[in-house]
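A.B. asks: Provided below are the primary sequence and the corresponding predicted coordinates.
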Amino acid sequence: MVSQENSIIGFVGTGVMGNSMAKNLLAKGYGVFVYNRTKMKAEELLSLGAKWADTPKEVAEKANIIITIVGYPSDVEEVYLGENGILSHAKEGSYTIDMTTSTPSLAKKLFEEGKKHGIYVVDAPVSGGDIGAREGKLSIMVGGESAAFQALAPVFEVLGTNIVYQGEAGAGQHTKMCNQIAIASNMVGVCEAIVYAEKAGLDPDTVLKSISTGAAGSFSLSNLAPRMIKGDFEPGFYIKHFIKDMRIALEEAKLMGMDAPGLQLAENLYSRLSRLGEDESGTQALYKYYQQYSSSAI
């Protein structure tokens, strides 16, 4: 098991979730080097004691545990396998944790490439959004070697409360696809329930008091429906990233010969919002489809 005293953490990707995750590591006394394509987004972390790195290569050279949470599989590939990438420059015996939602096939590729360099590669996508990241209560789904998972337990415990080892490399990403599939159809139902309540002349906040703790209860109903009602569409998780996740899940389902009509519907609705310029909004902005866009030619 890695100890805090001997651990320097490199953190690549300080966006909506990564910023809070790195902040929690700093608060627990870890030394943290950060890299982000836009340095300005790391300024808060630097003011709290994090050190800046100019490239993923420099992060890899400074740290013995490297965490990445970036946007797309192409970003993951560049960060790990590019000219200034992590796997060519990390020290032998280092641990890498990719917490991006990416493809299972890429997770397996990185795992195999890491083995060539004597580096432990773990795929550990997360769920819980900005709230879970801020409060250190993320759900973390881990794939890779069991020994690496056990060694990294102290780090995972700073970031999340529901930490489950799912199996070999890629298993974490497959589990995250299950998570996103469940959320996708649920978000459609949450939006339709709130709009129905409003059209029926009910107070949607009062409706939530009844339905959010019953059989219909879900994270989205408890945490995102109130944001919809308030007109708060700031991202806890970007629509553009959710579309990416749904498309990965649809492709994986296709490869397994599985039909996923609920997921296909959700992807279609969110893609319409994307075409209307809502990529940077939070996933709760699906509510806008019913309130503003549903009669539009989109």
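C.D. replies: Yep, it's here.
A.B. asks: quick one: the strands in this protein?
C.D. replies: For the chain, applying DSSP state E gives strands covering 8-12, 31-35, 51-52, 65-68, 95-98, 120-123, 126-127, 138-143, 160-167.
A.B. asks: The first one packs against which elements?
C.D. replies: When contacts are defined as 3 or more CB pairs under 8 Å, 6 or more residues apart in numbering; DSSP states H and E, strand 8-12 packs onto helix 16-27, strand 31-35, helix 56-62, strand 65-68. (Each C-beta comes from the backbone N, C-alpha and C, glycine too.)
A.B. asks: before we move on, what about the fourth one?
C.D. replies: The contact analysis (3+ CB pairs under 8 Å, 6+ apart) places strand 65-68 against strand 8-12, helix 73-81, strand 95-98.
A.B. asks: same thing with the second one?
C.D. replies: For strand 31-35, the packing partners by 3+ CB pairs under 8 Å, 6+ apart come out as strand 8-12, helix 16-27, helix 43-47, strand 51-52, helix 56-62.
A.B. asks: Buried deepest among these, which one?
C.D. replies: Here the criterion is mean neighbour count by mean count of other CB atoms under 10 Å, and of the helices and strands packed on strand 31-35 the winner is strand 8-12, at a mean of 26.
A.B. asks: Contacts for stretch 35-51, please.
C.D. replies: For stretch 35-51, the external contacting residues (CB atoms under 8 Å, 6 or more residues apart in numbering) are 10-15, 18-19, 22-23, 26, 31-34, 52-56, 58-59, 62.
A.B. asks: Tell me which of the strands of the chain sits nearest to residue 262.
C.D. replies: Of all the strands of the chain, strand 126-127 sits nearest to residue 262, with 17.9 Å by CB to CB.
A.B. asks: now the closest one: mean pLDDT?
C.D. replies: Averaged over strand 126-127, pLDDT sits at 95.
A.B. asks: Identify all contacting residues around that strand.
C.D. replies: If you take CB under 8 Å, 6+ apart as the criterion, strand 126-127 is touched by 17, 69, 99, 132-133, 138-141, 159-160, 176, 179.
A.B. asks: Tabulate the helices and strands packed on strand 65-68 (CSV), appending distance to residue 264 and mean pLDDT.
C.D. replies: CSV is the format used below for the helices and strands packed on strand 65-68 (distance: least, CB to CB, whole Å; pLDDT from 0 to 100):
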stretch, distance to residue 264, mean pLDDT
strand 8-12, 33, 97
helix 73-81, 20, 96
strand 95-98, 27, 98
